[in-house]
Structures are given as C-alpha cells and as structure tokens.
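> Got a predicted structure plus its sequence, pasted below:
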Amino acid sequence: MDPAVIDLSRLQFALTVLYHFLFVPLTLGLSFMLVIMESVYVMTKRPIWRTTTRFWGVLFGINFALGVATGITMEFQFGMNWSYFSHYVGDIFGAPLAIEGLMAFFLEATFVGLMFFGWDKLSRVGHLFVTFMVALGTNLSALWILVANGWMQNPMGAAFNPSTMRMEVTSFRDVLFNPVAQAKFVHTVSAGYVIAAVFVLGISAWYLLKGRHIGVAKRSMTVAAAFGLAASLSVVVLGDESGYALTDNQKMKLAALEAMWETEPAPAGLTAFGIPDLQARKTHYEVKIPYVLGLIATRSFDKPVEGIFSLVAKAQDRIESGVIAYGAVEALKVNPNDIAARATFEQHRRDLGYALLLKRYVADPRQASPELIQKTAWDSVPNVPVLFWSFRIMAGIGLLMIAMFTTAFILVTLRKHETKWFLYIAVAALPLPWISTELGWVLAEMGRQPWAVDGVLPTFLGASSLTVPQLLTSIAVFTLLYGALAVVEVGLILRAIKKGPFAQHDPVPDGEPAEPEPAVA
Amino acid sequence: MELPIDYATLRVIWWALVGILLIAFALTDGFDMGVGTLLPFVAKDDAERRMVINTVGPTWEGNQVWFILGGGAIFAAWPFVYAISFSGFYLALFVVLSAMILRPVSFKYRSKRPDPRWRSFWDWGLFIGGFVPVLCFGVALGNVLQGAPFRLDSDLRAFYEGSFIGLFSPFALLCGLLSVSMLVLHGAAWLTIKAEDGPVTERARRIGEIAGLASIVLFAAGGFWVAFGGMGFRIEGLADAAGPSNPLRGAAAVRAPGAWLDNYGRHGWMIIAPVLGFAGAALALYGMRFNKAWASFAGSSASTVGIVATVGLSMFPFILPSSFDPRSSLTVWNASSTHLTLFVMMIVTAVFLPLIILYTSWVYKVLWGRSTTGALATNPDLY
C-alpha cells in the first residue's frame, strides 16, 4: 500500500482525536461539578447556588456542542479510514462502541436538552436528577471507549480465526475486565476532572482579581479546590502504568518512555532526566531516582524491568514463530480441512501478528531473509524521544496540579480566597492540564506503535485502500472546519465569561456589587 | 458454550434490529433534518426562525444518537459492512459528517449573539446540516440497491473501483430526491403539530403538500426502475445460514435483473411496506390539505417507515451487493460478527432499548406543547 496513504490516515486520525479530546475532558469533569453545585442548591435552596450552577452550565453547553460535533466523526472514522482494522477486529471492537451508544450517548444527549430547557418545567430534585443523568452518560461513554482502546493496548479474550481471516471474541468478560482498560478509565476520567477543576478555578480567580461576581466566584473556587485536589491525586496515584508489566508490547512502551535500553535490575530506578540517542541506542546524562520505577511498573522492589535490547530480541523470536503461523494460515486458505496446517497454526497463533510486521517490506512474510527479520524486530520499538519527553511533561504537569490544588484547598479552608499571588497562578495555569491530557494520548497511542492492536495487527495494515487526494480533501476540510469552530467556541466562552453569571437568567441579589452589563451589539 | 439462540436466527434478528435502528433514526432525526431544511423557507423573520428552531431544540440531540448508534450497531453486528461501506463511500460520508458537524454548533451558537448576519449564518448551517445528509443518505441507498463497485482479496481486504462522481447516477439521484421529499414532508408535519399556528404552519403545509406529492411520484418511479431497470442480485444455490462470515466461501452471488422483487413473490406479507409508503404519504397529503395536524404526522411517519422498510425487505438477504465482483457481495449470512458477539449484543440491546424509549418518552412528555413566539420573550433558556 502507498505509504503516503498510511501516513495521511494516521495524521487525520491524530488530528481528529486530539481535537475531540480538547472538549471531552472538560465535559467529563464539568458535568460532575454541575451535579455538586446543583446538589448544594437543592440542599440549601439558596438562589446563589442556582445562579452558579446555571452560569457554569452555559459554559458547559458551549463546550458540549463542539464535543458532540467532533464526536460524530469519531464513530465513523474507523470504518472510513481504518477499514481493514474494522474488519480484522470488528467482532470485538465494535461491541463496546455500540454499547457506548446504547448506554451512554442516549443518556447524555436525551437529558442534556432537558438540562438546559427544563429549569422551569421540573422540580428542584427532578432537575438535579436530569443533570446527574448527563454526568453519568458522559462518564459511561468514557468507560466504553476506553474498554475499546484498552483492548487495543492489551487484546485479551480474543483469537484469530483462519476461516474468517479476523480476530474473534472468546470471552467478553476478559474484554470488559481488561486491567489496562480499567486503569485507563480511572486515569482518563480523573484527568477530565482535573481539567474541569482548573477551568472553574482559573475563571473564578479571574473574577476575584477583577473584583467581579465575588459571591459566585468564591463558591465556585471552593468547589473547584476540593474537586481538583481529589482528582489530581487520583490522576497521578492511579496512573496508567499499572498495566505496563502485562505484555511484551506494554513492557516495550514502558522501556521506550523511560528510554531504557538495557534491562534495569531490581530495584529499578526511574530516569528523571536524560537525552535519548537513537543512533547510539543509549541515553546520555541520565539522572535516576532509585526504586521508583520498580514500584510503578512491578509494584515490587525485587523484579527487574526489561530494557529495549532484550525486548527486541524477544520480538525477533516471535517474528520467526509468526512466519510459521502465517504459512499455516495460507495453507488453510487453500484447504480449510488441512489438519497438519491447523495443528501448526494452533502452536504458533500467538505470534501471527509479528509476521505481519514483515509486510511492510515483503508481500509474503515467508520470503523474508534472516537479516530482514532482524531489522524488522527493531520496528517494534516506538519513537523513544517523543515518548520520553511526552511522559515527563505530562507527569510534571500532573505533579504541579497536585501542588496547586493543595494550596487552593488550604487557602479556601482558611477562607483566604482572595490571595492575590495564588489567583495569578490559577489564571496562568489554565492551559496546562490540556497540554498534559493531549500528551497523555500521544503517549498511549504512539507508545503502542507499530501496532494498531498490540501484537495482533500492525498499524500500516489497518488502513483503508483510499487515495492521497481523498485523504488530502478530508484533512484540509476538517482542519479548516475544526479550526474555525475552535475560534468561534473560544470567542463565545470568553464572551460568556465577560457577561458573567447574571447576564441571562437571574436578578443580581443583595450583597453583589451591581455592575453595568456589557453593551450588546 | 451452547447459546440458546442459533446463529442463523440471530443473524436475522440483527438484520431486523439494524433495520429498526435506521428506521428510528429516519423517524426522529428525520423530522429534525426536515425542519432544518425547511427553516429558511417557512420562517421569515428572527422570531419565526427561533420559534421553528425551538420545536426541535431540546430534543434533536437525543434523536441524532440513533444515527451514531446505527453506526455502532453496524460495526458490532456487521463489521464487514461497517468497514467496506464507510471506506467505499468515503467522500460521500465525509460530506455527510461535515454537514452534521455544523448542526450541534448551529443550534447552540446561533442564539449567543443578536447580530442578524451571525444568526443568518447559523440558519444556513442548520439548513446544510439537514438537507445535505438527507440527500446523501438517499443517494447512498440508491447505490446500495445498484451494488457498490468493490472486491475482496483472499485476506478479505476491500478495494474500490468507483469514484465520488460515480455515486451520483440518475437512479441514485432519484433516491436522493425521494429521501429529501420524504423527510421534508415529515418535517412539515412535525411543524404542524409543534409550531404555533399561523403563517409558519401555513407555509409548512403548502410545502408539505408538494413534498407529499413528490414522495408518491418518486417512490413509484423508483419502484418501477428497480423492477425493470436491470437491478438485482441473487444467491446461486443454497446459502449456509450458519456458516463462517467469509464472503469468499459458500454460495456465490450473481447479478439477476429484477431479483429485488423476488421476496414479494415468496413472502406476500412484505407488500405491506411499499403500501405503507404510498398510503402514509396520501394520508399526510390529506392532513396538509384539510389542516388535520395529527393525520399529517401519522401519515408522514408511516410513509417513512414504509419506504425505508421497502429497501431492506427487497434486498434481503443482501446488505451490500458488489457490482464489480458479485462474489464479494455482503449478505446477512456472510458478513456478520460471531455467534457469541451477536448473542451478547442482542441481550444488551434488549435491556437498553426499552429503557431508552422509556426515558426519551418522558423527556418528550415534559417538553410537551407548541413552541410559540410569545415564549421567546419570557424564557431566556430558549435558543
């Protein structure tokens, strides 16, 4: 297949998924913060909490619209751009996507209209229930898409069937309770909660700096500080690494993000800094923190963590075994009742995917020379510097968030909401969690390369048989459309923030400084 | 593990379930898209337009999920169909998605600024978000009826021999126009029950009458074309209804002009679908002419169900025939997921579909009543 088609397909997927994920995490977290604020309103019946809920609800709505708009693309893109992937693993991968629709999308989309339009049509508790259903729906949606993604990282509960030339499910229980999927879910939604907390904290801080809407801003800040502290601890402590010891490729991802070429004897140390060198296959100027990596990766001090050289040697063995499996599949294509081929296949089926890596260089993996197999084994290493730096920036921001929310929590507990220096930090920190979550995806997806499905299907085989002009058209138009909508969205959010909580709905209560409304064009 | 329902039966159940999902999409988001298409023509000033938008404003989002779920269900139940149709119709689906991306933002962003040019821009966003997908869905179904130009190699990888322009054959365009008139009729009928009585419903009924007539004429012309235009495929010999999902194994499909009518000879009851298509449109016409709003809406709904069902029933067991290499054609018997996946997904659907219908009905009940221009001044939540 034309390599340009594969590169462009990957580019389009990366652009659309990273763009989609600018909006989704805010939706994930803000929906639950709305539930918290509205619960306080229902319990205290104080109108200021209703105003607070509705104000953040307006911002939620502007953001939600773009999350929905960009989500439409995601549901269809697997079939459009990753046709062979969709065929090859659809028997497993399609199910969580369909369940996501049944269990989550309907819930959030049906109730979100009522959340905005039902304030006067529902009782207080009735409306809170509706808001909660929206939050539940968005979070269930994250669960199912991460079950699907978790399966790509650690394909449990499935096996290749030569009669249908695809992976087929053997155990839905294994797919659902995949430990990688579970870890990913907790990690990803927590990251969403951090984003929402930073969003609310930053905007409240801006109001406090300007001396506007003090009542709403202080209350919002209190909610954000508590919610953000819990979320930022959860996102780091319940990180994504727990699954990294599970499979050869997960181990490879860990070795690559650590730029760890040689196996690290127990207790393994974590590299805090270094300059990975791809040519020399080593890392310069390493600074190591002892014990930490062993603790993260193996949950112990007595197990070594495998390095890239050792994992590449394993990959080479698996390619050789995979070529035998490939030969058996070809024999079964000709004669499905070939008992000898069936037996050979059963013995080597686990490594079939590794033989497919050779298809980048030869049409028939059985023709590959030992040198080619050796070279291809190095293809199993993802992009080390990208992973190394993505991980460090992501994790660094995560630690900063804990520090910021700990400070925020202490300040609001002491009722020192208006501590100037902290308010400046809170405003300045606004973009940080977005950088962190986007890098989190880069890490997860580029860390899995060269695989679309870990050890099963190489990415370059998964693409559709499209043409370069088709892909250029869709990339250009999506980029223009998405770019324009991003500008509009940011503009509308800034406008809504300027207008403030009392612009649309509620009279300014006593004790709030009355302020002139910005002129409306 | 022995599953309580056999593979062949589950394959038919899933054919019916996907059909039900697509019909639910046409029925619910159909009127949203019809209203979007009608927006610039039935509503002249800002108050009228807001009133029209608010007839679907709070509920369109849930309706759209039928489309998303349709995509997900096809992926789960028929991975081949998901993989081949969406990549084979790449640019067409890309146009649909781009138009549909405009819809959520148009609804949400339009009311955020009072500037007339701003509002007019998003009004056209709503028009495009309604008209373009509806036209393309019809064109796509026309192409499915004619067969799509793809072939499979021995790894079951799909290759395409068609072009974007090639999708717009005269027959496919006719199907596109039928789809537009059917859903414009449905949207007009929705406005007659949900919009404030007055100039807007007046205009909706006038356009609805034209759309109803067009539906009847185009549906008849399409039926004639399908019967005598050389279309149709048939499976040679006996298909293995419980065999492995591999189109290149088992009984082969061949071109067979006129074969799309075979099922009506074999199963006489299926004639209900086309009859419903015509009778529903006629009832809607009656409702439009004599100002019986509920007759209009019942009629347009029945017509939509009938027309979509006619396509599915005529083609059974085919889902996506290949015009380029009929052997590669996808059918209910050779393109599904495994027995286990179909079974598990059926259970999940049986649990959640009734729940969805239950809470969707509750939401419609809470939001019951006509959208009025008077409410716009007093309710700041409205779009």
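Noted; the coordinates are in hand.
> Quick one: list the elements packing against the helix or strand harbouring residue A:221.
Taking DSSP states H and E as the criterion, residue A:221 maps to helix A:214-237. Where contact means 3 or more Cβ pairs under 8 Å, 6 or more residues apart in numbering or on different chains; DSSP states H and E, helix A:214-237 is packed against helix A:3-44, helix A:47-81, helix A:179-210, helix A:384-413. For every residue, glycine as well, the C-beta is placed using N, CA and C.
> For chain A, what is the nearest residue in chain B?
In chain B, the residue that lies nearest chain A is residue B:79 (2.5 Å; Cβ to the nearest Cβ).
> For the stretch 101-250 of chain A, give me the ranges with low pLDDT.
Counting by pLDDT under 70, the stretch 101-250 of chain A contains low-confidence ranges at A:240-246.
> Return the residues of it in contact with chain B.
A:101-103, A:105-107, A:109-114, A:116-122, A:133, A:161, A:163-166, A:168-170, A:172 (Cβ under 8 Å from any Cβ of the partner chain).
> and with 7 Å instead?
Selection of the stretch 101-250 of chain A residues close to chain B by Cβ under 7 Å from any Cβ of the partner chain yields A:101-103, A:105-106, A:109-110, A:112-114, A:116-119, A:121-122, A:163-165, A:168-169, A:172.
> Make a ChimeraX selection of the buried ones in those residues.
Per 16 or more other Cβ atoms under 10 Å in any protein chain shown, the buried members of these correspond to this ChimeraX selection:
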select /A:101,102,103,105,106,109,110,112,113,114,116,117,118,119,122,164,165,168,169,172
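> Just the residues of the stretch 101-250 of chain A next to chain B: which are in strands?
Counted as lying in strands by DSSP state E, out of those, are A:168-169.
> show me where pLDDT drops low in chain B?
Residues of chain B that meet the cut-off, pLDDT under 70, sit at B:1.
> In this structure the residue of chain B closest to chain A contacts residue A:95, no?
No: between residue B:79 and residue A:95 there is no contact under Cβ atoms under 7 Å: 10.1 Å.
> Can you get me a residue count around the closest residue to the residue of chain B closest to chain A other than its chain neighbours?
Leaving aside its chain neighbours, residue B:79 sits nearest to residue A:90 (2.5 Å; criterion: Cβ to Cβ, 6 or more residues apart in numbering or on different chains). By other Cβ atoms under 10 Å in any protein chain shown, 29 other residues sit near residue A:90.
> what sits against the residue of the stretch 51-200 of chain A found nearest chain B?
In the stretch 51-200 of chain A, the residue that lies nearest chain B is residue A:90 (2.5 Å; Cβ to the nearest Cβ). Contacts here follow Cβ atoms under 7 Å, 6 or more residues apart in numbering or on different chains; on that basis residue A:90 touches B:75, B:79, B:82-83, B:337.
> what about it, helix or strand, and which?
Following DSSP H and E, one finds residue A:90 within helix A:83-99.
> Same question for that helix: list its buried residues.
So for helix A:83-99, counting by 16+ other Cβ under 10 Å, buried means A:83-99.
> Could you do stretch B:318-336 as well?
Within stretch B:318-336, the residues that count as buried by 16+ other Cβ under 10 Å are B:318-323, B:325-326, B:328-336.
> what do you get for stretch A:410-430?
So, applying 16+ other Cβ under 10 Å, buried residues of stretch A:410-430: A:411-412, A:417-419, A:422-423, A:425-427, A:429-430.
> Just give me the neighbour total for the nearest residue to residue A:326 once chain neighbours are set aside.
Nearest in space to residue A:326, with sequence neighbours left out and distances taken as Cβ to Cβ, 6+ apart, is residue A:355 at 4.1 Å. Residue A:355 is flanked by 26 other residues according to other Cβ under 10 Å.
> Now do the phi/psi pair for residue A:355.
Backbone torsions of residue A:355, given as degrees, to the nearest 10, read phi -60, psi -30.
> show me where the stretch 151-300 of chain B has helices.
Using DSSP state H, counting those that start in this stretch, the helices of the stretch 151-300 of chain B run over B:170-194, B:199-228, B:262-266, B:272-289, B:293-315.
> Now the shortest one - C-alpha only, PDB.
Yep, that's helix B:262-266 we're talking about. Output of helix B:262-266 as PDB, limited to C-alpha atoms (Å, rounded to 0.1, in the frame of the first residue of the first chain):
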ATOM      1  CA  ASP B 262     -38.300 -12.000  -5.700                       C
ATOM      2  CA  ASN B 263     -39.100 -11.600  -2.000                       C
ATOM      3  CA  TYR B 264     -42.600 -10.300  -2.600                       C
ATOM      4  CA  GLY B 265     -43.500 -13.400  -4.600                       C
ATOM      5  CA  ARG B 266     -42.100 -15.600  -1.800                       C
END
